[in-house]
Structures are given as structure tokens and as C-alpha cells.
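> Structure of the sequence below:
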Amino acid sequence: MNPRHLDSSEWFTELADEAGLAMSLRHRGRLHSEQSPYQKIEVYDTEGFGHLMVIDGYVMLSERDNFVYHEMLSHPVLLTHPRPRRVVIIGGGDCGTLREVLKHPEVTQVTQVDIDERVTRVAERFFPELCESNHDPRAELLFEDGVAWMAAAADESADVVIVDSTDPVGPGEGLFNESFYRECRRVLGAEGLLVQQSESPLIHLDLIQAMRAAMSAAGFGCLHTLQFPQPVYPSGWWSATMARARGPWPEFRAGDARKLRTRYYSAAVHQGALAMPPFFGAATGQSDEGSAHS
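Numbers count the residues shown, from 1 in each chain. Okay, here's the model as predicted:
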């Protein structure tokens, strides 16, 4: 087959025009398609990556590799905070991050706020393993606008805020600006930590710079961007950015990390993920000394 003309009946292709690249996955067929009040949700049965969820034409997750993203968005921040009891997840409708957060016995309350209930219902049907903790008594699932919910939340009512957002377009656009980060800063306690998925260090460096600048302007004085592979996302190289109001960073609880049942994350991976390459440090001011708090 001519690779320039992939048959859409056999291949799902996501275009990343900003980088001049595309990612294609061969599939056996589309299992589900619906237009929710907010976005178009599709599920494909791929040959190599299992079920694939797509929202508005962008890959959200696959069965084969979602564990990397969900573990790296959850465990580094929870094991950096000394006492993470109250956790808020903004977004995360597929519930994979929620499942990882609830692996931590010290967590007593998790509130997940996603604007689109249909994402969760589709995940329950096609990705049931991600939703196996949805009925944990510590979990509360709300289907509301995350920006509005955060603006109404009480001061210092959370220890950790995890922003498991889509790309900064559509429903996710309001989660990438100084105003939202100021609300997160207000809602977090004195030792509170924020983490947000921050796209690819290779092809979205401008966005990461803008996110870090907005977080700093909102009162987060300490920032660490950590890296990890994510094969189904553009470039295959992804990141999350952690933010703390003031330093020094707490000591990483490596002993607790070793108790977790995970497939990708480990104490060693945690330390390595904080080391960013020279080009990133030159652009953002972060060096590989970021692992010093471990």
C-alpha cells in the first residue's frame, strides 16, 4: 500500500499540523461514535493497541499504553507531597488517573470533575479496567465545568490538584491560563501541589513555556516538568508539569513508591523523569538538577 494514501476504513490517522507529522493506527473497525453536547467521542478496535478512544479527532488513550500516562500523572505528585489526603482531578473522564490515585492508602478523598459525562460512560463500556475504582467510597465523580468548579471551591480545601486535561482546545482550553492556576493556588493548602499534563517537550515547547510562565505568575514559585514516553501521542514523547507555591521541594517518598503495584512507574523512573535534556533547560530554565528533591 502506498503510505501516502492510507485507507481511512482501515487506518485511524491523527494529524499534528503544528509539527508536520501524522500518527496512524490500523484498525478492524469503529466500535462507537457519538456527538456529546461538548465533543465527538469515538472508539476504534486497533490491531496493535487494543481499544482506542478518540475525541474530536485526537487520540485520548489506547488500551496498550495508557498505563504510562496515568501512572506518571498520578504517582510522582502524590509521592512528592508529604501528606496527600484530599485530591482533586480536573478532567480525567476515562477514570484511569482516578484508579491510580486510589492506589494510595493515605488518600481519603478524591473529587473528579469532568465536564462531559459521556466520556466516563464510554470508558465504562470499552475500558472497564480503567473504571474499576469508580465506586470506591473515597471517590466522588462530578460532571461539571472544571474551571467553574475550581472558582467556587473553598480555600485550602485540597492537598493535590491533578489536571488531566485534553489538548488546550475546545473544553480544555480554559485549563491552561493564569486565571485558572490562581484558583488552583487558592484551593491548595500550604504544602499543596499542582500537576498538569503538558504535551510534548519536542513539538510543544512553546506551550510548555507558556504554561510555566502562567503558573509562575499565578504564585507557583517552584516548577518541575517531568518526561515519559507515550507512543500514541504526537512525537511519542510526553510530559507533565508539577508546581508548588514555594520551596524547598519535599523529600520524595521513595519507600512508599516501592510499595505500589505499577507497570511503568518506579522510584528509579521518578528520579529519571525529572532530568530534562539541555535544550529544555535552555528554553525554560529547568536543568537536570530537578531530581535533587528525590
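> what sits against the residue lying closest to E156 once chain neighbours are set aside?
With CB to CB, 6 or more residues apart in numbering as the criterion, E156 has its nearest non-adjacent residue at 4.5 Å, and that residue is G189. The C-beta positions use only the backbone N, C-alpha and C, and glycine is treated the same way. Residues near G189 by CB atoms under 8 Å, 6 or more residues apart in numbering: 156-159.
> Would you mind pointing out the helix or strand G189 falls in?
Assessed by DSSP states H and E, G189 sits inside strand 188-197.
> Partner strands of that strand and their direction?
If you go by DSSP bridges, strand 188-197 pairs up with strand 158-164 (parallel), strand 237-244 (antiparallel).
> what's the spacing between the longest one and its chain's center?
I take that to be strand 237-244. Chain-centre distance of strand 237-244: 9 Å, with CA atoms, centre = their mean, to the nearest Å.
> Now the element after that strand, going C-ward?
That would be, after strand 237-244 and using DSSP H and E, helix 254-257.
> Buried ones in that following helix, by neighbour count?
For helix 254-257, the buried set under the neighbour-count rule, 16 or more other CB atoms under 10 Å, comprises A257.
> quick check, distance from that helix to the centre of its chain.
Distance, centroid of helix 254-257 to centroid of chain: 21 Å (CA atoms, centre = their mean).
> got the CA coordinates for stretch 268-279 in PDB?
The C-alpha coordinates for stretch 268-279 follow below in PDB (Å, rounded to 0.1, in the frame of the first residue of the first chain):
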ATOM      1  CA  ALA A 268      14.000   5.000  39.700                       C
ATOM      2  CA  VAL A 269      11.700   6.100  36.900                       C
ATOM      3  CA  HIS A 270      10.500   9.000  39.100                       C
ATOM      4  CA  GLN A 271      14.100  10.300  39.600                       C
ATOM      5  CA  GLY A 272      15.000   9.800  35.900                       C
ATOM      6  CA  ALA A 273      11.800  11.600  34.700                       C
ATOM      7  CA  LEU A 274      12.900  14.800  36.400                       C
ATOM      8  CA  ALA A 275      16.100  15.000  34.400                       C
ATOM      9  CA  MET A 276      15.400  17.100  31.300                       C
ATOM     10  CA  PRO A 277      17.700  17.500  28.300                       C
ATOM     11  CA  PRO A 278      19.900  20.600  27.800                       C
ATOM     12  CA  PHE A 279      17.600  22.200  25.100                       C
END
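> quick revisit: quick check: angle from the helix or strand that the strand holding G189 is followed by to strand 188-197?
Once the chain leaves strand 188-197, the next helix or strand it forms, by DSSP H and E, is helix 205-217. In terms of direction (axes from the mean of the first three to the mean of the last three CA atoms, to 10 degrees), helix 205-217 departs from strand 188-197 by 180 degrees.
> just to revisit the earlier point, output the strands paired with strand 188-197 as a markdown table; include the columns distance to R258, mean neighbour count and mean pLDDT.
Formatted as a markdown table, the strands paired with strand 188-197 follow (distance: least, CB to CB, whole Å; neighbours: other CB atoms under 10 Å; pLDDT from 0 to 100):
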| stretch | distance to R258 | mean neighbour count | mean pLDDT |
| --- | --- | --- | --- |
| strand 158-164 | 20 | 27 | 98 |
| strand 237-244 | 20 | 24 | 97 |
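> Columns distance to L142 on top of the ones you listed, output as TSV?
TSV is the format used below for the strands paired with strand 188-197 (distance: least, CB to CB, whole Å):
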stretch	distance to L142
strand 158-164	14
strand 237-244	22
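> okay, now E251: neighbour count?
The tally of other residues near E251 (other CB atoms under 10 Å) stands at 11.
> got it, and F49?
20.
> So it is in contact with L25, correct?
Yes - in this structure F49 lies within contact range of L25 using CB atoms under 8 Å: 5.9 Å.
> which neighbours do the two share?
Common neighbours of F49 and L25 (CB under 8 Å, 6+ apart) are 62, 232.
> quick one: contacts for the closest residue to S198 other than its chain neighbours?
Of all residues not flanking S198 in the chain, T241 sits nearest, at 4.3 Å (CB to CB, 6+ apart). By CB under 8 Å, 6+ apart, the residues touching T241 are 195-196, 198, 208, 211-212, 215, 223-226.
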